[in-house]
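> generate a structure from the sequence data that follows.
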Amino acid sequence: MNVKTTIATLSVLSALSFGAFAADSINAEQAANLQPAGTISVSGVGGSPMDIRQQLNDKADQQGAKAYRVVEANTGDSYHATAELYK
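Sure, this is the predicted structure:
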């Protein structure tokens, strides 16, 4: 249940505009029309959903991705999130 809540939270936050980012957070339907370009992951202690989203954005930008889609997220005392990249 915690994973679903975290993914839902990240999805809602990604739909809101918090500034200009080169890589966009997308959903599975949007990803269907894009070319996969690998995966990224972030981990840490005590991060908020905004912190996790920002770290994913930064890593996607570093990889030159057009977009990314969160496929796994765990939170608690520490967090871990994995996203697929798209070009």
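
> who does the residue sitting nearest the centre point of the chain form a beta bridge with?
Nearest to the mean C-alpha position of the chain, by C-alpha atoms, centre = their mean, lies Val70 at 4.3 Å. Per DSSP bridges, the residues bridged to Val70 are Ala83.

> phi, psi for the residue lying farthest from the centre of the chain please.
Here the chain reaches farthest from its C-alpha mean at Asp77, the gap being 19.0 Å by C-alpha atoms, centre = their mean. Note on Asp77: backbone dihedrals following degrees, to the nearest 10 are phi -70, psi -30.

> what does Lys59 give?
Dihedral angles for Lys59 - degrees, to the nearest 10 - are phi -70, psi -40.

> tell me the contacts of the closest residue to it other than its chain neighbours?
Nearest non-adjacent residue to Lys59, counting by C-beta to C-beta, 6 or more residues apart in numbering: Ile40, 4.4 Å away. From N, CA and C alone the C-beta is placed, and that goes for glycine too. By C-beta atoms under 8 Å, 6 or more residues apart in numbering, Ile40 lies in contact with Leu56, Lys59, Ala60, Gln63, Tyr68, Thr82, Ala83, Leu85.

> do Lys87 as well
Leu34, Gln35, Ala37, Gly64, Ala65, Lys66.

> now the first one. Nearest residue, chain neighbours left out?
When you say that, I think you mean Leu34. Tyr86 (3.8 Å).

> my guess is the residue nearest to the centre of the chain contacts Ala28, does it?
No - when contacts are counted by C-beta atoms under 8 Å, Val70 is not listed as touching Ala28 (10.2 Å).
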